[in-house]
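Asker: Using only what follows, build the 3D model:
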Amino acid sequence: MAKLTDEEFEAAVQDALDSIPDEFLDELDNVAFMLADEPDEEDYFGDGLYTEGGELMGLYSGIAMTERGDYYGYGEFPDTITIFKGPHERMGLSHADTIEEIRRTVVHEIAHYFGMDEEQVDEMGYA
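Answerer: Sure, this is the predicted structure:
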């Protein structure tokens with residue numbers, strides 16, 4: 001089981017973001033990326049990526065780009081994408097595979113931002 005320092009976890013998420021093509025990153029608007037050790041109970045009610053054992057690895061909270069109206073953004077709090085460290089560590093993967101799983105989680109949650117549902121994300125290979 002891979003254990004990551006907070007710095008390694010932050011670097012893995014940053015590397016994942018750096019791997020996203022610019023044409024997608026340029027479209028991210030009013031979204032904040034957050035890191036957390038563990039999800040809270042209420043987090044389980046959003047659009048997220050789960051392990052086979054039912055642990056929440058990442059979560060998108062907000063209004064998907066495809067659902068935003070003309071007045072979106074006036075006084076709106078930013079959407080958030082949160083990546084959870086503990087569930088990734090408990091997957092029992094090697095260090096390199098844990099880093100890759102973090103990248104997959106980041107891509108999965110960005111896909112929700114763009115309005116993709118679980119089936120569409122699965123078809124892309126990121127479920």
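
Asker: Quick one: distance of the lowest-mean-pLDDT helix or strand in the chain to the chain centre.
Answerer: In the chain, no helix or strand scores lower on mean pLDDT, DSSP states H and E than strand 47-50, which sits at a mean of 76. With C-alpha atoms, centre = their mean, to the nearest Å as the basis, strand 47-50 stands 8 Å off its chain's centre.

Asker: Tell me which other helices or strands that strand touches.
Answerer: strand 56-61, helix 95-113 (3 or more C-beta pairs under 8 Å, 6 or more residues apart in numbering; DSSP states H and E). Where C-beta positions appear, they are placed from N, C-alpha and C, glycine not excepted.

Asker: how about those, which one is nearest residue 24?
Answerer: The closest of the helices and strands packed on strand 47-50 to residue 24 is helix 95-113. By C-beta to C-beta, the value is 7.0 Å.

Asker: Need the contact partners of that closest one.
Answerer: Contact with helix 95-113 is made by 2, 4, 9, 12-13, 15-17, 19-20, 24, 28, 31, 47-49, 57-60, 62, 64-65, 79, 81-83, 88-89, 91, 93, 120-121, 124, 126-127, as judged by C-beta atoms under 8 Å, 6 or more residues apart in numbering.

Asker: Next step: the residues you listed restricted to helices.
Answerer: Mapping these onto helices (DSSP state H) picks out 9, 12-13, 15-17, 24, 88-89, 120-121.

Asker: out of those residues, which are buried?
Answerer: Buried residues within the ones in helices among the contacts of helix 95-113, counting neighbours by 16 or more other C-beta atoms under 10 Å: 9, 12-13, 16-17, 88-89, 121.

Asker: Now pLDDT too, for those residues, in a markdown table please.
Answerer: Below are these laid out as a markdown table (pLDDT from 0 to 100):
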| residue | pLDDT |
| --- | --- |
| 9 | 97 |
| 12 | 98 |
| 13 | 98 |
| 16 | 96 |
| 17 | 96 |
| 88 | 96 |
| 89 | 96 |
| 121 | 81 |
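
Asker: can you put these in JSON lines and add distance to residue 115?
Answerer: Below are these laid out as JSON lines (distance: C-beta to C-beta, whole Å):
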{"residue": "9", "distance to residue 115": "28"}
{"residue": "12", "distance to residue 115": "26"}
{"residue": "13", "distance to residue 115": "22"}
{"residue": "16", "distance to residue 115": "20"}
{"residue": "17", "distance to residue 115": "19"}
{"residue": "88", "distance to residue 115": "25"}
{"residue": "89", "distance to residue 115": "30"}
{"residue": "121", "distance to residue 115": "11"}
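
Asker: Since that was my last question, I'll sign off now.
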